[in-house]
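Q: Show me how the following folds:
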Amino acid sequence: MEYSLTSPQTLAVIGLVLFIVDAVLFGMATFFLVFLGLASVLTSVLVLSGVIPEDLTYELISIAVLTVVITILLWKPMKNFQSSKVLTNDDHSTSDLVGLEFTIDEETLIQVKYSGVLWALTTECGSKLSAGDKVTVVDAQVARFVVRIKD
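A: Numbering: from 1, shown residues only. Reported below is the predicted structural model:
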């Protein structure tokens with residue numbers, strides 16, 4: 001028994017692959033693949049339902065038209081979805097570095113090397129660090145630890 005994909009099935013598979021490639025590899029950064037994939041799946045449904053004949057020319061025209069229509073309809077919502085993921089400095093996200101404890105010595109007075117990165121040290125209250133201070137990281141920012149001096 002030989003099994004082969006029909007044109008609508010092939011279009012559906014191509015559409016899903018395009019969507020998955022954009023989501024996994026590009027993190028939904030290129031909307032074009034999402035829109036093209038969605039148009040391919042919709043064209044597949046239209047061919048299976050008999051609205052469009054199973055002919056390559058009609059299928060390609062349908063994909064082109066649907067891609068333009070989908071892009072016009074979904075561009076702004078997708079752009080908002082993408083920009084809503086951006087973190088700002090006001091966001092208080094937790095880090096696995098928060099809670100890290102160490103003792104300040106002469107070499108780590110203003111910076112510390114941890115996990116291959118040189119981190120600048122600042123205190124949450126703005127006080128100066130001294131050698132021998134035991135500190136706990138309360139916030140980790142880009143290349144900077146905000147620490148609290150332990151009593």
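
Q: Now do the same for the spatially most central residue of the chain: its pLDDT.
A: With distances taken as C-alpha atoms, centre = their mean, Gly27 lies nearest the centre of the chain, 4.6 Å away. Listed pLDDT for Gly27 reads 76.

Q: Distance check, it against Phe81.
A: 12 Å (C-beta to C-beta, to the nearest Å). In this view, the C-beta of every residue, glycine as well, is placed from N, C-alpha and C.

Q: now Gly15
A: In this view, Gly15 and Phe81 are 19 Å apart by C-beta to C-beta.

Q: Sheet-wise, list the partners of the helix or strand of the chain with the lowest mean pLDDT with their directions.
A: When the helices and strands of the chain are scored by mean pLDDT, DSSP states H and E, strand 111-114 comes last with a mean of 83. Strand 111-114 sits in its sheet next to strand 117-123 (antiparallel), going by DSSP bridges.

Q: for the strand it pairs with, which positions count as buried?
A: Trp119, Leu121, Thr122, Thr123 (16 or more other C-beta atoms under 10 Å).

Q: follow-up on the earlier one: out of Gly15 and Phe81, which sits in the more crowded spot?
A: Ranked by neighbour count (other C-beta atoms under 10 Å), Gly15 and Phe81 place Gly15 first, with 23 against 12.

Q: what about that one, which SS state?
A: At Gly15 the chain is in helix, as set by DSSP: H, G, I helix; E, B strand; the rest coil.

Q: same deal with Val137?
A: Once three-state DSSP is applied, Val137 turns out strand.

Q: Name the next helix or strand following the longest helix along the chain along the chain.
A: In terms of residue count, the longest helix belonging to the chain (DSSP state H) is helix 56-83. Next along the chain after helix 56-83, taking DSSP states H and E as the criterion, comes strand 101-103.
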